[in-house]
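Student: Sharing a model that was predicted from the sequence below.
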Amino acid sequence: MSAESRETDRERRFPLTEVAVMIGLVAIVGVFFLAMQHRTYERSYGVVCACNLKQIYGAAMEYSDRKGTHLFPIASGQSPRAHESLNEMLSADPGSLPPSVFVCPAGEALAAVADPKGCFVLDASTLSYAWTSRRPKHSTANLTLASDKYFKGYDDSAGVHEGHPDGVNVLFMDNHVEFVQAKDLPPDTGLPDGLTR
């Protein structure tokens, strides 16, 4: 090999430091991209969750109108669990909503299994949302009707839970949804007042 071809060959190769710098830059861009993608998923989960709560509200309004009481579904007993009350609504109109509506994508619940007619029963593991524990009429606009069960990192006797990172979506009686920061929730329950898991 001539001296001239060796010199040209050296010019074509990247020195080790240049290769290391390029790998470092690619890694930084990759980390930045993954962080942006994660934030995008979190925002989209919030939108899906708010839409789910509004669909549940619509079914609850139909339930109260059909019953003629103007009351939202509440199971019998003292402070019934959220899934018990929502099962009252589902049993009155089987197949009205799919199981996926009761699952927040940021939460830990799994969708209930529906039978061929679309009927299913909710339990604590298939419902991502808390529900009212009182019997409000749907003319009381400023009260809370539902919210996410947990925010990310909420710790209770059942362990540490998954959910939205900084708080919960809250559905009000007038069908608007607001995001409430975790720091603004009662620390003993991690839920807006009047709701039960």
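Tutor: Yep, it's here.
Student: which residue sits closest to the residue positioned nearest the centre of the chain in space, ignoring its chain neighbours?
Tutor: The structure's the chain has its C-alpha centroid closest to C104; by Cα atoms, centre = their mean the separation is 3.1 Å. Excluding the flanking residues, the one nearest C104 by Cβ to Cβ, 6 or more residues apart in numbering is S128, at 3.8 Å. From N, CA and C alone the C-beta is placed, and that goes for glycine too.
Student: how much space is there between that neighbour and D156?
Tutor: Distance, S128 to D156, by Cβ to Cβ, to the nearest Å: 15 Å.
Student: quick one, which of the two is more surrounded?
Tutor: Set S128 next to D156 and count neighbours by other Cβ atoms under 10 Å: S128 wins out with 26 against 12.
Student: Next up, the contacts around that one.
Tutor: Applying Cβ atoms under 8 Å, 6 or more residues apart in numbering, we find S128 in contact with 49, 52, 102-104, 107-109, 148-149, 163.
Student: if we go to 6 Å?
Tutor: Counting by Cβ atoms under 6 Å, 6 or more residues apart in numbering, S128 makes contact with 103-104, 107, 109, 149.
Student: roughly how far apart are A82 and Y57?
Tutor: A82 sits 14 Å away from Y57, going by Cβ to Cβ.
Student: Looking only at neighbour counts, state which of the two leads.
Tutor: Shown here are A82 and Y57; by other Cβ under 10 Å, A82 has more neighbours (25 against 21).
Student: now V168, what's its secondary structure?
Tutor: strand (DSSP: H, G, I helix; E, B strand; the rest coil).
Student: Let me know whether it touches Y150 as I believe.
Tutor: No - V168 lies out of contact with Y150 (Cβ atoms under 6 Å); the separation is 7.6 Å.
Student: Looking at the two, which one has more neighbours?
Tutor: Per other Cβ under 10 Å, whichever of V168 and Y150 has more neighbours is V168, with 32 against 27.
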